[in-house]
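Novice: The amino acid sequence is not available; the structure is as follows:
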Ligand code: ADP
Ligand code: MG
Ligand code: MG
């Protein structure tokens, strides 16, 4: 059983031009256990990506208050690669293109980075696992022999991101706007991959602007974020209400001044 706890998290970024620090997250509380899928929805510019980037440890985001605990241990001062080794995964965390490294080489290195030295995955087992997941994601083997993300279309990048997820098997996956720019067929494939990961050893935070994705990946918990705070939490029905009422309706309901 794993647990990811966000406690009263305040995060600032420094504006490059003015050098002034601006507070983006203003006290976020969130607990995700393995076995659960949570969704965060919210208007643009509200801090959703800031939250996922901060959990993963991107340098631009300064934690000014609060804490992030992974299985009881504070990770706020850990470098990104250590967080990854401990079981966190952020979609789109990798550079757009890595020259000279094939997708397959990258995948095996990333899987082995999470394993002990005497437990590295054999080429045979790697290929077996790769084959299985390529099948499920309706991806061609040729994709894995190409250099990482080089010349991948938007849809191929997303599929590849889910392939990474399925191969690396993190305990917690932060998936930021995995639905953006996908046609309905690609959306179904991507959702199939995430749903295949569901289980006692996997938890996920799915960030999306639209409800559509949540028809395919039905979340256990839905949070609405506005102006750097979670303003409402509910079940999958909350996302549907939001689709009908819109964020403006929710603002009125909650009597929010944002
Ligand atoms: P969302 O994902 O909900 O659309 P973001 O977390 O991307 O929102 O952005 C929230 C706010 O923080 C925006 O005003 C954005 O301009 C600002 N912001 C995010 N990242 C940075 C950064 N690295 N530097 C400066 N401002 C940033
Ligand atoms: Mg965002
Ligand atoms: Mg904000």
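Specialist: That came through, no problem. No experiment lies behind these values; they were computed from the predicted model shown. Numbering: from 1, shown residues only. Ligands and ions are numbered 1, 2, ... in the order given.

Novice: ok, residue 48 - contacts?
Specialist: Each residue near residue 48 by CB atoms under 8 Å, 6 or more residues apart in numbering is listed here: 40, 42, 176, 207, 225. Placement of C-beta: from N, CA and C, glycine included.

Novice: I'd like the distance between the third one and ligand 2.
Specialist: To tie it back to what came earlier, the one meant is residue 176. To ligand 2, residue 176 is 6 Å away according to CB to the ion, to the nearest Å.

Novice: Quick check: beta-bridge partners of that residue?
Specialist: Taking DSSP bridges as the rule, residue 176 bridges to residue 207.

Novice: Tell me how far it lies from residue 126.
Specialist: Per CB to CB, to the nearest Å, residue 176 is found 27 Å from residue 126.

Novice: Same drill for the two, tell me which one is more crowded.
Specialist: Taking other CB atoms under 10 Å, residue 176 and residue 126 do not tie; residue 176 has more neighbours (20 against 17).

Novice: Show me what from the chain comes close to ligand 2.
Specialist: Contact residues, the chain versus ligand 2 (CB under 5 Å from the ion): 48-49.

Novice: Quick one: the strands in the chain, in order.
Specialist: 3-14, 21-33, 37-41, 62-70, 73-74, 88-90, 172-176, 203-208, 221-226, 229-234 (DSSP state E).

Novice: can you put those in CSV and add mean pLDDT and distance to residue 105?
Specialist: Below are these laid out as CSV (pLDDT from 0 to 100; distance: least, CB to CB, whole Å):
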stretch, mean pLDDT, distance to residue 105
strand 3-14, 97, 29
strand 21-33, 97, 31
strand 37-41, 97, 30
strand 62-70, 98, 28
strand 73-74, 98, 31
strand 88-90, 93, 18
strand 172-176, 95, 22
strand 203-208, 96, 26
strand 221-226, 96, 37
strand 229-234, 96, 39
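
Novice: Quick one: those strands as JSON lines, columns for distance to ligand 3 too.
Specialist: Formatted as JSON lines, these follow (distance: least, CB to the ion, whole Å):
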{"stretch": "strand 3-14", "distance to ligand 3": "9"}
{"stretch": "strand 21-33", "distance to ligand 3": "5"}
{"stretch": "strand 37-41", "distance to ligand 3": "13"}
{"stretch": "strand 62-70", "distance to ligand 3": "14"}
{"stretch": "strand 73-74", "distance to ligand 3": "24"}
{"stretch": "strand 88-90", "distance to ligand 3": "20"}
{"stretch": "strand 172-176", "distance to ligand 3": "16"}
{"stretch": "strand 203-208", "distance to ligand 3": "14"}
{"stretch": "strand 221-226", "distance to ligand 3": "8"}
{"stretch": "strand 229-234", "distance to ligand 3": "8"}
